[in-house]
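Chemist: following is a predicted model, sequence given first.
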Amino acid sequence: MDQPQRQLLEKVLRRVHSGLKTFQLYSATHASAQVTVQDVAGTLRGYLQRYGAVALQVNKDRLLVDGIPLSEGSMNTLAFFLYVRNLASIAVLPGVTDREVGALLSILAQDRQVIESAGGVERLALSQDLPHITIKAMALSESADALSEAGIVDALIRTRRLSPEQRDVVFSMLRDGPAATAALLVSVQKAAGGTSTDGKLIDVEHLLIALETLDRAILDEPVEDQEILLQSLAQGVLQQDAGVRAALAPELLSQAVEGGSGRAILGELTGQEIALIVLGPVGQGDVAARLTKFLTSLRLREGEAAEVTAFLGTALNAGGTKLGSFAASPGGVQLQPAGPEKDVWAAVDPSLLAFGPRDEAALGVLRNEASERAVTLEAIKGQINLLGLQERPEEIMETAKALAGHLTFLADNQQMDMLTITLPMLQEARGRADVHRGAIDAELARVLNAGLLDRLVRDALQTHADGSDDLLQALVAVRDHTVPHLIRMLERRPADAQRVELCNLMTKICAGQAGLIGSRLPGASPHLARDLVFGLGELRDPAAAGYLARLAAHPEYLVRREAIDALRKMPSDQSRGALVEFFRDPDPRIQYSLIEGAEVAHDERIMTWMQDAIRSPDWTPGAIAVKVAAMKALARMRADGALPLLRRIARTRWVFGQGRRTVRQAARRIVEDWERSRQRPA
């Protein structure tokens, strides 16, 4: 159980605890009690939608789910409250109604003496018709069994904790093999009051609790020993007597579906044994439906799922032969007549194992669909639909985090269409999650930074990759994460070809969002700043002009030059205004480039600057080129206000130095052409 699931479950139980206190104070018809029922039921249904059925075990001092104790504090108080009412376990299934929740609270809120005088909590629950709630009371019978006297049975099914001495005894029996393990389970069943006498209903609830306890205890053993111990436990289950085994099979299957000990036990059996234990208690016409639920919920490996369906297919091909008269062959999936020494399924009624037409069709579908991949995809689709319907922020957060955890699976299986659906939905869910937005962001960042984002970017850079449009859409959906990742790649100074590809990809991702790139310019290294500026230019977005204008004061010439080139790619009032900031650049190369480009014709500020440049006392070669270019630009713009300045330069008699003479000669030609053009008739 992960932390979010634990927190949500504890929230549900706190609501239940509060509801019990309310029902102790008020009758079930009181307004406060009705409000409490709605609150508890709503919170409980939110958990069930997200995580499925919940099974709670009760100890004297704590509550457990799958053998894992919940937090102390209020959980311990609730555990004692339920324990004194002789409650062993309670399971709630999806679909529970307000009426059932109200009935449950009403039963448990009664005094212990009242409950016992009415026949116990289990009898009261049965009288209320609670189809989605199952309550079990603890009722150990007296037994002279040595294991019971040692307290081992009580430890397995009530406290669910083994002392070191008890643990040594239990694991010694598990290591002795299936026979000793079967004897251990028989002791548990006898002590718990279950009986295998023919004709009587057999209660295997406590045996299931013991299996769960043993399964959890095995996990504490060295890894190399766990498989042997689990195999011994699984085979011990198969060696139970016919009645117990028949009653245990559907419960074990149910626990496998819910993630309990049945999952580990069935995981140690062969595909043939799984098929038999599943089919044993199932009636005619329901075989395929039950098997479908089992295979999809257990999420078998594809090979094992295929073995199950192949085994059943063999039975179909045999003309509907009853499986009860056959046993699995150790060498494969062929069916062989069972000898007395091999037939551990003799108690199964063969009439329950006939196949019908519906079963055959359904099994054909299973051969293609019963795999972990198909099941996971269906689960993701369900979560996508659920996320669109949810309204409560905490529920949105839980579903969004679960979806984020599946992103890598979608990428691994080339499900780019679902990936492009899921990522935008996660972004939309952030807006509805209110104060829980940070939790979604953190989970999404964790998944992306664990390698998924690097992989998507790498695939997107390969232009020949299939589904490149889907890849681009996926990256656009998480561009808040993608852009920083691309920038980190550019910081590593890639080769020129890759640098251009990265810049082009960033441009596509940031279309219409110049701020994602522009906000990274402050503090960027010179080589990175040039790449970012190139990307802004490729956007052709006037909104980028403001970011580029600030680079007029950048100390690096190449960065300023790149910014000018970028502004030239986006002709607009904003870009022309930004270019003005660069006209006072100290480098003559930039001054000359701007004057020759004539991007800001007839701007008074520029004409004033060009006249100042002409008057400048700087006579270096670069400055001389700027002076000549400025005079030509003023003449092209017909800036009459500059004509007196040009005449004065042209009429200067005495000048010294080649540079000054070059400027004077240029001024004379410009003034002469200018005045000649003014004298021509219009």
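Modeler: Done, it's in. Just so we're clear, the structure is a prediction, and the values are computed from it rather than from any experiment.
Chemist: and A400, how far is that from P617?
Modeler: Distance from A400 to P617, counting by Cβ to Cβ, to the nearest Å: 67 Å. (C-beta placed from N, C-alpha, C; glycine too.)
Chemist: between those two, which is the more surrounded one?
Modeler: More crowded of A400 and P617, by other Cβ atoms under 10 Å: A400, with 29 against 5.
Chemist: helix or strand: which one has the more buried one?
Modeler: Using DSSP states H and E, A400 sits within helix 393-405.
Chemist: residues in contact with that helix?
Modeler: If you take Cβ atoms under 8 Å, 6 or more residues apart in numbering as the criterion, helix 393-405 is touched by 4, 8, 46, 49-50, 380, 383-384, 386-387, 390, 422, 425-426, 429-430, 432-436, 439-440, 443-444, 446-447.
Chemist: give me the buried subset of those.
Modeler: Neighbour counting by 16 or more other Cβ atoms under 10 Å classes 4, 8, 46, 49-50, 380, 383-384, 386-387, 390, 422, 425-426, 429-430, 432-433, 436, 439-440, 443-444, 447 among these as buried.
Chemist: okay, and which of those map to helices?
Modeler: With helices taken from DSSP state H, the overlap with those comprises 4, 8, 46, 49-50, 380, 383-384, 386-387, 422, 425-426, 429-430, 432, 439-440, 443-444, 447.
Chemist: picking up where we left off before, tilt between the helix holding A400 and helix 437-447?
Modeler: Going by axes from the mean of the first three to the mean of the last three Cα atoms, to 10 degrees, helix 393-405 is angled at 10 degrees with respect to helix 437-447.
Chemist: in helix 393-405, what counts as buried?
Modeler: For helix 393-405, by 16+ other Cβ under 10 Å, it's 393-405.
Chemist: how about low-confidence regions in the chain?
Modeler: 60-61, 71-74, 138-150, 192-201, 242, 245-246, 249-375, 463-468, 597-602, 680-682 (pLDDT under 70).
Chemist: outline the domain layout of it.
Modeler: Split into domains by the TED database, the chain comes to 3-139, 145-195+202-299, 373-598, 599-681.
Chemist: show me how far the first one is from its chain's centre.
Modeler: Okay, so that is domain 3-139. 30 Å (Cα atoms, centre = their mean, to the nearest Å).
Chemist: cool, the last one as well?
Modeler: Taking Cα atoms, centre = their mean, one finds domain 599-681 lying 68 Å from the centre of the chain it belongs to.
Chemist: same thing with the third one?
Modeler: Distance of domain 373-598 from its chain centroid, counting by Cα atoms, centre = their mean, is 21 Å.
Chemist: which other helices and strands contact the helix or strand just after the helix holding A400?
Modeler: Sequence order places helix 407-412 as the next helix or strand after helix 393-405, per DSSP H and E. Counting contacts by 3 or more Cβ pairs under 8 Å, 6 or more residues apart in numbering; DSSP states H and E, helix 407-412 is packed against helix 372-389, helix 416-432.
Chemist: in a markdown table, list those along with distance to L486.
Modeler: Formatted as a markdown table, these follow (distance: least, Cβ to Cβ, whole Å):
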| stretch | distance to L486 |
| --- | --- |
| helix 372-389 | 27 |
| helix 416-432 | 17 |
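Chemist: so the helix or strand F23 falls within versus helix 393-405, what angle?
Modeler: Per DSSP H and E: F23 is located in helix 3-25. Here helix 3-25 runs at an angle of 160 degrees relative to helix 393-405 (the same axes, to 10 degrees).
Chemist: buried residues, helix 3-25. List them.
Modeler: By neighbour count on 16+ other Cβ under 10 Å, the buried set for helix 3-25 is 4-5, 8-10, 12-17, 19-20, 22-23.
Chemist: which elements pack onto it?
Modeler: helix 31-51, helix 74-83, helix 98-108, helix 393-405.
Chemist: again, only this time at 6 Å
Modeler: Judged by 3 or more Cβ pairs under 6 Å, 6 or more residues apart in numbering; DSSP states H and E, the packing partners of helix 3-25 are helix 31-51, helix 74-83, helix 98-108.
Chemist: what's the first helix or strand after the first one?
Modeler: Read that as helix 31-51. Following helix 31-51 in sequence order, the next helix or strand is strand 54-58 (DSSP H and E).
Chemist: sheet-wise, list the partners of that following strand with their directions.
Modeler: In the sheet, strand 54-58 lines up against strand 63-65 (antiparallel), strand 87-92 (antiparallel) (DSSP bridges).
Chemist: which residues touch that strand?
Modeler: L63, L64, A79, L82, Y83, L87, S89, I90, A91, V92 (Cβ atoms under 6 Å, 6 or more residues apart in numbering).
Chemist: that strand vs helix 31-51, what angle?
Modeler: Using the same axes, to 10 degrees, strand 54-58 lies at 110 degrees relative to helix 31-51.
Chemist: alpha carbons only: can I get strand 54-58 in PDB?
Modeler: C-alpha atoms of strand 54-58 as PDB (Å, rounded to 0.1, in the frame of the first residue of the first chain):
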ATOM      1  CA  VAL A  54     -11.100  -2.700   1.000                       C
ATOM      2  CA  ALA A  55     -10.700  -5.500   3.600                       C
ATOM      3  CA  LEU A  56      -9.900  -4.500   7.100                       C
ATOM      4  CA  GLN A  57      -8.700  -6.800   9.800                       C
ATOM      5  CA  VAL A  58      -9.200  -5.900  13.500                       C
END
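Chemist: now the angle between helix 74-83 and that strand, please.
Modeler: Going by the same axes, to 10 degrees, strand 54-58 makes 80 degrees with helix 74-83.
Chemist: in strand 54-58, what's buried?
Modeler: Within strand 54-58, the residues scored as buried using 16+ other Cβ under 10 Å are V54, A55, L56, Q57, V58.
Chemist: could I get these as a markdown table with distance to I228?
Modeler: Shown next, in a markdown table, are the buried residues of strand 54-58 (distance: Cβ to Cβ, whole Å):
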| residue | distance to I228 |
| --- | --- |
| V54 | 32 |
| A55 | 28 |
| L56 | 31 |
| Q57 | 27 |
| V58 | 32 |
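Chemist: how about those, which pair is most distant?
Modeler: For the buried residues of strand 54-58, the farthest-apart pair by Cβ to Cβ is V54 and V58; their separation is 13.1 Å.
Chemist: with distance to E596 and mean neighbour count added, can I get the strands paired with strand 54-58 in CSV?
Modeler: Below are the strands paired with strand 54-58 laid out as CSV (distance: least, Cβ to Cβ, whole Å; neighbours: other Cβ atoms under 10 Å):
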stretch, distance to E596, mean neighbour count
strand 63-65, 76, 22
strand 87-92, 79, 22
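Chemist: closest to F171 out of these?
Modeler: When the strands paired with strand 54-58 are compared (using Cβ to Cβ), the closest one is strand 63-65, at 20.6 Å.
Chemist: who touches that closest one?
Modeler: Residues from elsewhere that reach strand 63-65 (Cβ under 6 Å, 6+ apart): L56, Q57, L70, M75, A79.
Chemist: nearest to P586, of those residues?
Modeler: Using Cβ to Cβ, L70 comes nearest to P586 of the contacts of strand 63-65, at 70.1 Å.
Chemist: the residue lying closest to that closest one once chain neighbours are set aside pairs with what?
Modeler: Sequence neighbours aside, L63 is the residue nearest to L70 in space, at 4.9 Å (criterion: Cβ to Cβ, 6 or more residues apart in numbering). Per DSSP bridges, the residues bridged to L63 are V58.
Chemist: just to revisit the earlier point, tabulate the contacts of strand 54-58 (TSV), appending distance to E675.
Modeler: Formatted as TSV, the contacts of strand 54-58 follow (distance: Cβ to Cβ, whole Å):
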residue	distance to E675
L63	101
L64	102
A79	104
L82	107
Y83	110
L87	109
S89	107
I90	104
A91	102
V92	99
